[in-house]
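Novice: Below are the sequence and a predicted model for it; my questions follow.
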Amino acid sequence: MSAMSPDRNQSAEGFPPLPPNFHEMAKTLMIKCSKQGPVLRTNHNPNDTTGPPVDEADWNVMENMWNCSSLPQLIELMKNTTNSPRCFMRAFAAPLAWLVVSQKGANVDAEVLGKLLWAAKPLLETMPPAQIDLPPNLDNPRLDEMMKLFREVFSSFSEEQKSRIRDWVKERVAENEFRCTLKPQRLIIVPLPSDPKPSGLKPTDTRPPQLANMKPMAGDSDLKACSPRMPWLKAKVLRMMGRFVSQLPPQDIKTIPQKELCEFYEAPEFPTSFQAVGEVQPSLGRTLLTRLRRECSPDHQNFLQNMDRLGSLACFYDDDTSSLDVSQSKKFLSQLKECHTSATDKIKKQLVKKLLATGENSPTPELLQSLGPGVSVLPPSTLSKFSPEALKNTLSSLSQTTWNPAQAKTLAKALLNDSESITGVKLLSLGSVVRGVGSAILKKVKAEGLLGSEGLQSVSEKMSSLQKKALLKGLSDGVSVPELVKKAPDSLLSTLSLSTLDKADLSTVDEVGGRSWTRAQSAFLVKKILGEKVKPGQIRKLGKAVQGLTCAMIDSVSQNETMETAQALSESSDCLSKTQVRCAAKKLFASLERQRASYFANVTDSELQAIPVFLLIHLPVGQIARLPDAVCPRFLEMMSQANLSSLPYNAPQRPALTAKALTCLGKNMSNLSSVEVSFLGSLVCEMNASQVSSLSPDVLNMTLLTLASCPRIPPQHRPQLYTLVVDTFGDPSNWSEDDMTSLGPLLLLNGTTVKSLPYKPWLKSALSYLLDSMPEEPNLSILRWKMFTLTTGGAGEQPPAQRRRRREVNSLLEPTVSLIEELGEGNMYWSPAQLADMSVQTFTDTVPTLGAIHNYTAEQLSVLREKAIEAWGPVASLNESKIVELGCVSQGFTPEELQNLSISSVDTLEILSACRWNQTQREAMWRGFMKRTGMNVSKLGSPEIVGLGQFICGIRPNETEQLQTDAFRESVEVVGFVHCPLNMMEKLKDRAVAVFGDPSTWSEAQVSAMGNLIAGLNASELQRLNASVLPFISQSAIPLILPGRLAALSVSQLRAMGPDNAAMVTEAQRAGFTETQRSALAEAEGTSYSRNEEPTQSPQNALPQQGGAPRMSTLGIVVLLQPLLLMLLGFVG
């Protein structure tokens, strides 16, 4: 029998069984290979004389592959082949190699491990597993070997994966160096002496399981619990971690012994540890940089000399830069490329001013080169002084810099030399400067040499919606729709209309998977390709298109495929809506109950483990409470990993899961340890003050620190939790800098605390980093106001001596260039009187900053209008570049002035569309644009409609019927983003009805694409919407629907809305509902589980843990490399 026979024994020394999704992983890697060069010939019979002849070397490779008896042997063969066949062979070997590493990495020979890691690298570079499995019990040499690979592919990992690897390294170091364990131990229930049942407590016994009767599972008993302050971060570990050091918690940074930290700082690996790491957590960056300065480089000048070693840590340097010389300034600037905080922007500007001063303001190529990433702070007026030749010579740097539209427009104009066209090669070379290329030019770009190129992805990511639409219009000339869709990069996919996708001849899930579709596109493609039914294998291939699955499709899955479907959905759970998750959970739970009555009341450990965690958290409240005590350890383990984001905030499962977890812990709250509380995972964020306050002092402190990192705390818990924080840590006015850094987010539990914090030298810096690190969801206006007062030196926000001087010198509150640039969005807090005191020169120098603010008051805008006229003359004389620079300051102009603005480009309207315009202003802007360009409604193409943005609201309502049918169809998704007055929304809706048909015929995809246009439907039209499309209505559209019209929805329609949309219903809208409708809405929100599901078939035997066809042997797959390549690459080529 041949060594590669499918019947051979696949031992650990031979070939492992195929991992899940092997075909999809191999195909993705093969597609990548196909873009790198010629493929292997597919003829594998040396006696076959048909077709192209087989190269002898190729045949030798295939013959040797056939004779391989183990995966390491196959990998060794691959390493000795030429690059072209090697890439395709690694595409098949990579998933297998990673499977062996993750499952048996601790047991394989070191040399073999090196081969396996080499083979697995393409998989980790391209598509690291979502749930990355890492080998346990790895010794130091093997750990070091694995970390070499992880450091190389660091950028390919998600943030969750990076954190998982960080924790894994810490666990291995604890075991290898300290013979202790850090991770929560998996626990089992040991039967009580009085209880002969092997499963633990009797079914009738309501006593909670006691942790005293839970013991570590086998394998952990020889490891003691690690000390919370275990000094695990030695210099050698830090060097091994490399860029993963940027993922460490600040508390771990504080435990690094000084000697070890300084040894790491001086090591050659240190600079690369903070290069290309993305955004570093502010608390980590500040803590580490402070320690390095104080303990490893106390000599300030010496520290400045080594500034080029800091990488992203330079983002957290906030001292005065006036002492830096030119050389140090250049070094410092070179490290600020990835820094995007307000404090860093201020430092960049200070350094650039220093360099400009030394160059005597001469715009030389040398000066441009020396500015590095600092060039991004130069205003358009300065950028325009550099010669095109100087810009071309530094384009490699300019193309990687982030620009605002005004800057990009200035640079693009110089680089293109006012040309009316651009080649594909030139377009790709522009990089981020492409943001300044006009849509009229992009519409002329040809596909040849551009479509399908790797650079198109990164360039198009920098484009606006209008630019993408214009570019696609240019690329489509002379190219078939199927080719355009197949070769368009993901960054352009979202711009493709549903009608374009309909012409793309996409007919299989293989053609859809692995691409970034919008929700509307996903719904269209899924229904077109799969119809109304779906199989688990198809779900696995959908990738992000899984967001297009409907509840009806999920319900259509047969009884014996329900568990496999749930597990397939878990692989793309991040893409699912709350509605889809809940439908999948209901389907699974109903299926399990059909399989066995009272399934969850007597569920076993293995059965519970088989349920994906993201679905388990949706278990009905009654079922959660009835989970048997015997599964408590497994339940706690699963809850420690749970992500609650798919649960509505008011879902009853949140408190029910928390209560069950606390019951499973079994002890009095005051006796719980930190390790035991860690079992709660995200459920800690659901604990109320009474529960938290019952913990012992040490555990209480730890739990409050954990709460500070919660993405959300239930509103009803916030007042009492804030009181508990104050009782535990004291009045925030007396907190230290470390307290403020660790507990800062908890200040926002109280609306007035931040406002009343007294001045401290470090407070501004601490709050600045808090502001930069907080998500936008909480209302941060108070925090921004506090930063404004600290920055401007408002009353009580200065040292006593300065406050005394301020009473004598009122000009301290006058806006200056330095203050305006530092404040950023905080400039909205200047009073109109203060803005009026601003000098004209200050206004001119800070226009880009002031123009980026959207929410000025009418009084502030009036003052800024006067400043603009004083600086640049009458409004009618402003050129388009100045208008772009003014940005949202233009909102201060009168309607007559707006109509006379010299705007002749739809690109300018798109930029200004981001501001908050009223309807009168929109109408004036449209009339002025139409008058200057000769444009009218009937001439608007899809790029122009996209570029108009909210200014489409300025069209006269009776003119909407003049919008071209094809243009409207191609751009409806962008039109759906705007929020026009009701009469205009109704007219745009009428146009949608004329183009897409009666609302009763609208599909899920069309409803999703309509966006806010749904708010223009009248009561009768809303009633005619199919209930299945209700979850696909955009959330932003729900509160825009008039209460009387929304009340026309039937009970079945309201039930179908799903949690996302039900949560958007306003109190005014709810007030118009009947009791029956309110009950239906509550059910849609997730506060009720009354939906009855009909069984798809009679109850059968227990569900299998896995499904699908029998596995083909690994080497059988490898043998089929050539013909499978031909088949798969038929789609790629």
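Specialist: Yes, it's here.
Novice: Not counting its own residues, what contacts stretch 351-370?
Specialist: Residues lying outside stretch 351-370 but in contact with it, judged by C-beta atoms under 8 Å, 6 or more residues apart in numbering, are 321, 324, 326, 329-330, 332-333, 371, 374-375, 377-378, 382, 385-387, 389-391, 393-394, 397. All C-beta atoms are positioned from the backbone trio N, CA, C, and that covers glycine.
Novice: my guess is L233 contacts E260, does it?
Specialist: Yes - contact status for L233 versus E260: in contact at 6.7 Å, counting by C-beta atoms under 8 Å.
Novice: For these two, work out which one has more neighbours and name it.
Specialist: Taking other C-beta atoms under 10 Å, L233 and E260 do not tie; L233 has more neighbours (23 against 16).
Novice: Checking the residue nearest to that one when sequence neighbours are not counted next. Helix, strand or coil?
Specialist: When the adjacent residues along the chain are set aside, L233 lies closest to I256, with 4.5 Å between them (C-beta to C-beta, 6 or more residues apart in numbering). When states are read from DSSP: H, G, I helix; E, B strand; the rest coil, the local structure at I256 comes out as coil.
Novice: what's near enough to touch I256?
Specialist: Residues counted as contacts of I256 (C-beta under 8 Å, 6+ apart) are P231, L233, L238, F264, R291.
Novice: now swap in S397 and tell me
Specialist: Applying C-beta under 8 Å, 6+ apart, one finds that S397 lies in contact with Q369, G372, P373, V375.
Novice: any idea which of these is closest to T789?
Specialist: The shortest gap between T789 and any of the contacts of S397 belongs to P373, at 30.6 Å (C-beta to C-beta).
Novice: quick revisit: out of the contacts of S397, name the ones that lie in helices.
Specialist: Taking DSSP state H, the ones among the contacts of S397 that sit in helices are Q369.
Novice: Could you dump the contacts of S397 into a markdown table with neighbour count added?
Specialist: Converted to a markdown table, these look like this (neighbours: other C-beta atoms under 10 Å):
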| residue | neighbour count |
| --- | --- |
| Q369 | 14 |
| G372 | 23 |
| P373 | 19 |
| V375 | 24 |
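Novice: so which pair among the contacts of S397 is furthest apart in space?
Specialist: In the contacts of S397, two members sit farther apart than any others by C-beta to C-beta. They are Q369 and P373, at 11.9 Å.
Novice: in this protein, which spans are strands?
Specialist: Taking DSSP state E as the test, the strands found in the chain are 180-181, 187-189, 214-216, 224-225.
Novice: Was I right to think G436 contacts S399?
Specialist: No - checked against C-beta under 8 Å, the pair G436 and S399 is beyond contact range at 11.8 Å.
Novice: more crowded one of the two?
Specialist: When neighbours are counted by other C-beta under 10 Å, G436 and S399 differ, and G436 comes out ahead with 26 against 20.
Novice: what does the model give that one for pLDDT?
Specialist: Here, the pLDDT recorded for G436 equals 96.
Novice: how close does D252 sit to V169?
Specialist: In this structure, D252 and V169 are 11 Å apart, going by C-beta to C-beta, to the nearest Å.
Novice: With K528 instead?
Specialist: Using C-beta to C-beta, which is the criterion applied here, K528 is 46 Å from V169.
Novice: neighbour-wise, which of those two wins?
Specialist: Just comparing K528 and V169: by other C-beta under 10 Å the higher neighbour count belongs to V169, 24 against 18.
Novice: Not counting residues beside it along the chain, what's closest to that one?
Specialist: With C-beta to C-beta, 6+ apart as the criterion, V169 has its nearest non-adjacent residue at 6.1 Å, and that residue is M241.
Novice: What count of nearby residues applies to the one you found?
Specialist: Counted by other C-beta under 10 Å, the residues lying close to M241 total 24.
Novice: Make sure it is actually in contact with M146.
Specialist: No - using C-beta under 8 Å, M241 and M146 do not qualify as a contacting pair, with a distance of 11.6 Å.
Novice: For Q919, state which of the contacts of I256 is nearest.
Specialist: R291 (55.8 Å).
Novice: What's the separation between that closest one and W872?
Specialist: In this structure, R291 and W872 are separated by 49 Å, where distance is defined by C-beta to C-beta.
Novice: any idea how far T844 lies from E870?
Specialist: Taking C-beta to C-beta as the criterion, T844 is separated from E870 by 10 Å.
Novice: So which of those two has more stuff around it?
Specialist: Neighbours per residue, other C-beta under 10 Å: of T844 and E870, the larger number sits with T844, 17 against 12.
Novice: In contact with the spatially closest residue to that one that is not a sequence neighbour, which residues are there?
Specialist: Nearest residue to T844, sequence neighbours excluded (C-beta to C-beta, 6+ apart): A871, at 5.0 Å. Residues touching A871, when contacts are defined by C-beta under 8 Å, 6+ apart, comprise V840, F843, T844.
Novice: Distance check, A871 against N900.
Specialist: A871 is 18 Å from N900, where distance means C-beta to C-beta.
Novice: What of L1049?
Specialist: Taken as C-beta to C-beta, the spacing of L1049 relative to N900 amounts to 46 Å.
Novice: neighbour-wise, which of the two wins?
Specialist: With neighbours defined as other C-beta under 10 Å, L1049 and N900 compare such that L1049 has more, 23 against 19.
Novice: what's in contact with stretch 517-537?
Specialist: Stretch 517-537 is contacted from outside by 493-494, 496, 498, 501-502, 506-509, 512, 538, 542, 544-550, 552-554, 556-557, 561, 564-565, 567-568, 973, 1003-1006, 1008-1009, 1032, 1107-1108, using C-beta under 8 Å, 6+ apart.
Novice: Pull out the buried members of the residues you listed.
Specialist: Applying a neighbour-count criterion of 16 or more other C-beta atoms under 10 Å, the buried members of these are 493, 496, 498, 501, 506, 509, 512, 538, 542, 544-550, 553-554, 556-557, 561, 564-565, 567-568, 973, 1003-1006, 1008-1009, 1032, 1107.
Novice: longest helix of this protein?
Specialist: Longest helix in the chain, counting by DSSP H: helix 83-104.
Novice: May I see the buried residues of that helix?
Specialist: Taking 16+ other C-beta under 10 Å as the neighbour-count basis, helix 83-104 is seen to contain the buried residues 85-102.
Novice: ditto for stretch 584-602
Specialist: 584-595, 599-600, 602.
Novice: Who are the packing partners of the longest helix of the chain?
Specialist: Based on contacts counted as 3 or more C-beta pairs under 8 Å, 6 or more residues apart in numbering; DSSP states H and E, the elements that helix 83-104 packs against are helix 22-34, helix 56-66, helix 71-79, helix 110-126, helix 1114-1119, helix 1121-1132.
Novice: that older thread, okay, and which of the contacts of stretch 351-370 map to helices?
Specialist: In this view, the contacts of stretch 351-370 that belong to helices under DSSP H are V326, S329, K330, F332, L333, L371, T382, E389, A390, L391, N393, S397.
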